[in-house]
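[1] Just a sequence and a predicted model for now, questions to come.
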Amino acid sequence: MATSVANEIKLMSGSSHPDLSEKVADRLGIKLAHTVSQNYSNLETSVTIGESVRDEDVYIIQSTAPGEVNDGLMELLIMIHACRIASARSITAVIPNYPYARQDKKDKSRAPISARLVANMLQSSGANHVITMDLHASQIQGFFNVPVDNLYAEPSSLRWIRENLDADNCVIVSPDAGGAKRAASLADRLKIGFALIHKERPRPNVVGRMVLVGNVEGKTAILVDDMADTCGTLAKAAATVKDHGAKEVYAMVTHGILSGPAIETINTSCLSGLVVTNSVPLGDKIEKCPKLKVIDISGTLAEAIRRTHNGESVSYLFSNAP
């Protein structure tokens with residue numbers, strides 16, 4: 001698929017995931033605009049845009065690196081604001097992994113809806129458009145008064161499954177009820193079975209009892225989720241489906257946050273592989289975890305930017321991988 005940009009745009013990168021930004025720029029056949037980001041001695045972030053953006057369409061790519069979510073978010077807001085007061089025509093924030101996406105509802109007394117706060121901050125800083133991928137809850141799009149394109153990793157995941165596994169002998173498993181719709185969609189596209197795990201969570205990041213609903217006996221089970229953080233859920237879910245007779249267990253998630261003891265948890269689990277996209281910087285985790293497989297999503301992001309800039313429909317990317 002052609003990813004050329006008819007008219008030149010200004011593509012910028014935050015400091016959280018420069019590798020992904022370079023790949024997107026290569027796909028578009030353009031160079032990243034020159035920017036400098038540095039921290040003062042008191043850790044305040046300072047950003048300098050090294051070239052004119054007056055009357056230009058600006059796209060800023062900034063993901064969220066584990067352990068540096070707040071720094072990355074603040075840097076993005078400052079970059080957007082700098083472009084806005086430098087008279088950019090439009091500013092699109094390309095955020096593959098939306099920060100604070102899990103805090104999307106008031107599920108207990110006095111709980112913040114931080115995902116809404118982030119949306120307000122992005123709009124106040126001057127973003128006219130947001131491109132993201134596999135939001136934890138698609139309703140987060142409703143927190144914005146500007147257009148939001150929520151891309152899906154599903155087409156790339158389908159391609160990986162067809163190229164690396166015997167799809168006809170697989171079953172898609174959702175590790176919790178919240179991800180049932182995502183897993184069912186993938187199972188329908190592959191025309192294979194679907195199962196669900198019901199989990200009880202006594203407190204955040206801690207998983208209690210798990211109950212499997214569906215048949216996985218003699219099949220390759222593929223656990224599907226939007227993000228893998230500490231990976232405790234995935235490890236327990238893998239053990240559950242293995243106990244119910246699954247031949248092999250793979251996990252497929254969009255955002256491989258992999259914080260805390262995640263790598264050790266994956267290495268000692270019964271998972272045959274953990275498939276993640278490069279929406280989040282993985283650093284040395286690939287070397288530390290032989291089970292980790294990475295899907296490159298730079299093509300999807302580049303095509304979304306090209307289509308947005310040229311005024312073409314982005315919905316093609318919901319069911320097709322470039």
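    Looks like it arrived, so ask away. Residues are numbered from 1 along each chain as shown.

[2] Going by C-alpha atoms from here, please, whenever you check contacts or count neighbours.
    Noted.

[3] just checking, Pro147 touches His129?
    Yes: counting by Cα atoms under 8 Å, Pro147 touches His129, with 5.2 Å between them.

[4] Neighbour count: the two, which is higher?
    His129 (20 against 14; other Cα atoms under 10 Å).

[5] Now name the helix or strand holding the spatially closest residue to that one that is not a sequence neighbour.
    Nearest non-adjacent residue to His129, counting by Cα to Cα, 6 or more residues apart in numbering: Thr92, 4.7 Å away. Following DSSP states H and E, one finds Thr92 within strand 90-95.

[6] Give the helix, strand or coil label for Asp225.
    Assigned state for Asp225: strand (three-state reduction, DSSP: H, G, I helix; E, B strand; the rest coil).

[7] Quote the end-to-end distance of stretch 187-196.
    End-to-end distance of stretch 187-196 (Cα to Cα, to the nearest Å): 12 Å.

[8] quick one, strands of the stretch 51-200 of the chain?
    Here the stretch 51-200 of the chain has its strands, by DSSP state E, counting those that start in this stretch, at 57-61, 90-95, 129-133, 148-151, 170-174, 193-199.

[9] Where does pLDDT dip in the stretch 201-322 of the chain?
    Across the stretch 201-322 of the chain, the ranges flagged by pLDDT under 70 are 201-202, 204-208.

[10] show me the residues around Ser269 that make contact.
    Counting by Cα atoms under 8 Å, 6 or more residues apart in numbering, Ser269 touches 235, 238-239.

[11] and which of these is nearest to Asn320?
    Nearest to Asn320 among the contacts of Ser269 is Ala238, at 28.7 Å by Cα to Cα.

[12] same for the helix or strand that closest one falls within, what does it pack against?
    In the assignment (DSSP H and E), Ala238 maps to helix 232-243. Judged by 3 or more Cα pairs under 8 Å, 6 or more residues apart in numbering; DSSP states H and E, helix 232-243 is in contact with strand 210-213, strand 220-228, strand 248-256, helix 262-268.

[13] which residues touch that helix?
    Contacts to helix 232-243, defined as Cα under 8 Å, 6+ apart, come from residues 175, 197, 205-207, 210-212, 216, 221, 223, 228, 248-251, 262, 265-266, 269-271.
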